[in-house]
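K.L.:
Kindly return the folded structure for what I paste below:
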Amino acid sequence: MIFHEIKVKYDRQTGEDNPGKVKETYLIDGAVSFADAENCLMDEIKPFIFGDCEVQNCKRSQFYDVFPNEGGAFWYKARVEMITVDGDKETRKSVAFLVQANMLDDAVFALKEALKSLDCEIISIAKTPIMDILHAVH
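P.N.:
Numbering: from 1, shown residues only. The predicted structure is shown next:
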């Protein structure tokens, strides 16, 4: 799955009459171009922009699979080695997964559950700055 990952910095209302600069990262699914991804993001955050808004980075990110959890507050990126055996030859391929959870332990548990039927090894898992995954509408 290929996403557009956008980092944006903007003035946002952070409390009562208290605008502040925030830096947020979003993934855009289904965008056909960087411009399409940026437009999707701007449509989403426009109501929260209080002043300046600047797209700081836009790049493509690839994940083997994504495991959303409506109750999860954070996104965790996991590096997993997929293991295949052909005769006496073992092949390992490193891929990335994205898991939504409230805590690291929850993310590890969800990932292990999702991958229990596969021959693989979790290499690393860490919390990401990703706020949300948005879906581009065409």
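K.L.:
Show me the domain layout of this structure.
P.N.:
Per automatic domain parsing, the domain ranges recorded for the chain read 2-62, 65-128.
K.L.:
Tell me if I'm right that residue 26 and residue 6 touch.
P.N.:
Yes. Counting by CB atoms under 8 Å, residue 26 touches residue 6, with 5.3 Å between them. For every residue, glycine as well, the C-beta is placed using N, CA and C.
K.L.:
and for these two, which residues touch both?
P.N.:
Taking CB atoms under 8 Å, 6 or more residues apart in numbering as the contact rule, residue 26 and residue 6 both touch residue 41.
K.L.:
The two: who's more crowded?
P.N.:
When residue 26 and residue 6 are compared for neighbours, residue 6 comes out ahead with 24 against 21, by other CB atoms under 10 Å.
K.L.:
What does the pLDDT read for the more buried one?
P.N.:
Per-residue confidence (pLDDT) for residue 6: 97.
K.L.:
Residue 77 now?
P.N.:
Turning to residue 77, the model gives it a pLDDT of 98.
K.L.:
Who are the contact partners of it?
P.N.:
By CB under 8 Å, 6+ apart, the contact set of residue 77 is 63, 96-98, 125-126, 128.
K.L.:
JSON lines please, covering those residues and showing distance to residue 86 and secondary structure.
P.N.:
Shown next, in JSON lines, are those (distance: CB to CB, whole Å; DSSP: H, G, I helix; E, B strand; the rest coil):
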{"residue": "63", "distance to residue 86": "25", "secondary structure": "coil"}
{"residue": "96", "distance to residue 86": "24", "secondary structure": "strand"}
{"residue": "97", "distance to residue 86": "24", "secondary structure": "strand"}
{"residue": "98", "distance to residue 86": "29", "secondary structure": "strand"}
{"residue": "125", "distance to residue 86": "28", "secondary structure": "strand"}
{"residue": "126", "distance to residue 86": "32", "secondary structure": "strand"}
{"residue": "128", "distance to residue 86": "34", "secondary structure": "coil"}
